[in-house]
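Novice: Generate a structure from the sequence data that follows.
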Amino acid sequence: MKKVIHSKPIISCVLVFLVCCIARIIEYFLIRTDETILAENFIHKIFGIGVLLLVLISTKLSWSHIGFTKINVAKNVLKGLALGTSCFFVAYLVECILLFCMNGNVTISVYTSGFSLNGEAVKQNGIIFILICIAFNIINVWMEEGIFRGLFMHLLKDKMSFNAAMFFIALLFGVWHWVMPMRDYLEGNSSFGNLLVMGIGYIYLAGIMSIKWSILYKLTGSLWMGIGDHLFNNVIVTNLLHVISNNETDSMQIVRILIGQLISFLLVVIYYKKNERVSEDVYELE
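Specialist: Reported below is the predicted structural model:
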């Protein structure tokens, strides 16, 4: 199996992707863990970590081979969190100013969006729910970074240039996120036109996020900085820190996310372009 995976890395990446996608579709459409009190689709992420572990064992690779190195773990995670914090401070500020100018009022609230035992959506601001949110998103980020940036980049590095591998992974990561607008469309909650717009939007946004995290992987030689930034986006921006105006919650969330991600993307790309001479040495992880 090791020989097959390494001799056909593109096919191997696509197969791993499809297996994980099937698990994702099953959970989103059938199990629907996000519509329970847990409020998060995490089962397919645990499944994905299991798939990743199976591939590592089959190929005799270690976690460090795919970017989970033991060096500067805390330092790089904190750098990633700092990148997310600084960029989204600007994004939240712009969002609040726009909403205040439009409505004359704006507030910030911290809570998770959960469900009660009868299935009704409720705000959960207890420490237990916040810790659950963080725990599930650690699983989420570990799986996505481990497979998309870690495993795929390692398998593709001998068959593709870094840029080609980076864009190929970004495309897969974009398609990975298309299941969310697809469920809304198939259940009659959005039109076909909205599906196309949202689908293209998800592919574009997830794609630039993937490119950014691939570059951070290349620059630092590990996944940890990308994990820190990814974790900030998932925990704080999309789950915990909400903007409310005229009793509407996160009505401009997409604007916030676009601003924050574009700022951080540009900062990382500019830094990378200025330091391209270090790239190939870091790409070839030991």
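Novice: Let me know the distance separating Val94 from Ile259.
Specialist: 6 Å (Cβ to Cβ, to the nearest Å). In this view, the C-beta of every residue, glycine as well, is placed from N, C-alpha and C.
Novice: Just want to know which of these two has more residues nearby.
Specialist: Between Val94 and Ile259, counting by other Cβ atoms under 10 Å, Ile259 is the more crowded of the two (19 against 16).
Novice: Spatially, what comes nearest to the residue positioned nearest the centre of the chain if we skip its sequence neighbours?
Specialist: In the chain, the centroid-proximal residue (Cα atoms, centre = their mean) is His230; its distance is 5.5 Å. Spatially, and ignoring its direct neighbours in sequence, His230 is nearest to Val141 (4.7 Å; Cβ to Cβ, 6 or more residues apart in numbering).
Novice: wait, isn't the one you found in contact with Asp229?
Specialist: No - using Cβ atoms under 8 Å, Val141 is not in contact with Asp229; the gap is 9.5 Å.
Novice: Compare those two and say which is more crowded by neighbours.
Specialist: The neighbour comparison of Val141 against Asp229 (other Cβ under 10 Å) goes to Asp229, with 28 against 23.
Novice: Work out for me the element the more buried one sits within.
Specialist: Here Asp229, judged by DSSP states H and E, is contained in helix 224-232.
Novice: what element comes up after that helix heading to the C-terminus?
Specialist: strand 241-245.
Novice: Skip the chain neighbours and tell me the closest residue to Leu78.
Specialist: Gly228 (6.5 Å).
Novice: Tell me the predicted confidence for that neighbour.
Specialist: On pLDDT, Gly228 comes in at 98.
Novice: what about the closest residue to Met198 other than its chain neighbours, which helix or strand?
Specialist: For Met198, ignoring the flanking residues on the chain, the nearest one in space by Cβ to Cβ, 6+ apart is Pro181 at 3.8 Å. Pro181 belongs to helix 179-186 when assigned by DSSP H and E.
Novice: next structured bit after that helix?
Specialist: That would be, after helix 179-186 and using DSSP H and E, helix 192-220.
Novice: Tell me where the protein has helices.
Specialist: For the chain, the helices defined by DSSP state H occupy 2-7, 9-26, 43-59, 73-103, 127-144, 152-156, 162-176, 179-186, 192-220, 224-232, 253-274, 279-283.
Novice: okay, those in a markdown table with distance to Leu241 next?
Specialist: Formatted as a markdown table, those follow (distance: least, Cβ to Cβ, whole Å):
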| stretch | distance to Leu241 |
| --- | --- |
| helix 2-7 | 41 |
| helix 9-26 | 26 |
| helix 43-59 | 22 |
| helix 73-103 | 7 |
| helix 127-144 | 11 |
| helix 152-156 | 31 |
| helix 162-176 | 24 |
| helix 179-186 | 20 |
| helix 192-220 | 18 |
| helix 224-232 | 10 |
| helix 253-274 | 10 |
| helix 279-283 | 33 |
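Novice: which of these has the lowest average pLDDT?
Specialist: Ranked by mean pLDDT, the helices of the chain bottom out at helix 279-283, which scores a mean of 49.
Novice: And the residue nearest to Met198, how far from Ile203?
Specialist: 10 Å.
Novice: related to what we said a few turns ago, contacting residues around the residue nearest to Leu78?
Specialist: Asn76, Val77, Leu78, Lys79, Gly80, Leu81, Ala82, Leu83, Gly84 (Cβ atoms under 8 Å, 6 or more residues apart in numbering).
Novice: among those residues, which ones are buried?
Specialist: Asn76, Val77, Lys79, Gly80, Leu81, Leu83, Gly84 (16 or more other Cβ atoms under 10 Å).
Novice: check contacts around Ile236.
Specialist: Gly84, Phe88.
Novice: now swap in the one 5 residues further on and tell me
Specialist: Neighbour list for Leu241: Tyr92, Ile108, Ser109, Val110 [criterion: Cβ under 8 Å, 6+ apart].
Novice: so what's it bridging to?
Specialist: Beta bridges link Leu241 to Val110 when assigned by DSSP bridges.
Novice: And it, how far from Phe89?
Specialist: From Leu241 to Phe89 the distance is 11 Å (Cβ to Cβ).
Novice: And Tyr28, by the same measure?
Specialist: Relative to Phe89, and taking Cβ to Cβ, Tyr28 is found at 32 Å.
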